[in-house]
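Peer 1: Below is the sequence, then the predicted model.
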Amino acid sequence: MNLTRNVLIALFLTLPMPAFASDPPPADAPAPATASVTAVAVSVAPVFGTTRPTPLLALYAASIALNGYDAYSTTTALGQGGVEANPAMKLIVQSPMVFVAVKAAMTAATIVSAEQLWRRGRRGHAIALMIASNGLMAIVGAHNAAVLRGQR
């Protein structure tokens, strides 16, 4: 489980870093040097309506991964006799299906909120929201990993 903790810490520390320096390129800027960045920007353009900087998309992906890990680790710990620490979630975790649905809805709501901020021109706020959300989920994931490690 040290690997899990280290991966979560690495995600938390590395994914948000480039977000501070990622302003959209000017219209007359040359094409990106790497094909993978171009492919990502082109593939998400139809979904979001306009392109997003790669760091923001990475923050979205990290949010999905961190919330997915939280759902997995929480249900695993509960199955091994653990107890939910969050009082607001105690009733929800009694049903794994409801819990996963709530986690998915919360993840989607965070991403949709960031998208709304982005569209309103509050790009820094959108990135800050995702960094804060991912930071909290990384802490929750690290805690869950420690609980699972202690149950062995």
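Peer 2: Yep, that arrived. Numbering: from 1, shown residues only.

Peer 1: Can you find the helix or strand of the chain with the lowest average pLDDT?
Peer 2: helix 35-48 (a mean of 40; mean pLDDT, DSSP states H and E).

Peer 1: Helix or strand next in line after that helix, which one?
Peer 2: helix 54-79 (DSSP states H and E).

Peer 1: which strands and helices sit next to the longest helix along the chain?
Peer 2: Taking DSSP state H as the criterion, the chain has its longest helix at helix 123-151. For helix 123-151, the helices and strands in contact under the criterion 3 or more Cβ pairs under 8 Å, 6 or more residues apart in numbering; DSSP states H and E are helix 2-14, helix 54-79, helix 96-119. Where you see a C-beta, it was placed from the backbone N, CA and C, and this is true even at glycine.

Peer 1: angle of that helix against helix 54-79?
Peer 2: Here helix 123-151 runs at an angle of 30 degrees relative to helix 54-79 (axes from the mean of the first three to the mean of the last three Cα atoms, to 10 degrees).

Peer 1: And helix 123-151, what's buried?
Peer 2: 123, 126-131, 133-134, 137-138, 140-142, 144-145, 147-148 (16 or more other Cβ atoms under 10 Å).

Peer 1: Give me the mean pLDDT for that helix.
Peer 2: On average, the pLDDT along helix 123-151 is 94.

Peer 1: angle of it against helix 96-119?
Peer 2: Counting by the same axes, to 10 degrees, helix 123-151 lies at 160 degrees to helix 96-119.

Peer 1: Just say which of the helices and strands packed on helix 123-151 is most tucked in.
Peer 2: Of all the helices and strands packed on helix 123-151, helix 54-79 carries the top mean neighbour count, a mean of 19, counting by mean count of other Cβ atoms under 10 Å.

Peer 1: helices and strands around that helix, which ones?
Peer 2: Other helices and strands packing on helix 54-79, by 3+ Cβ pairs under 8 Å, 6+ apart, are helix 2-14, helix 35-48, helix 96-119, helix 123-151.

Peer 1: Look up phi and psi at Pro53.
Peer 2: With angles defined as degrees, to the nearest 10, Pro53 sits at phi -70, psi 150.
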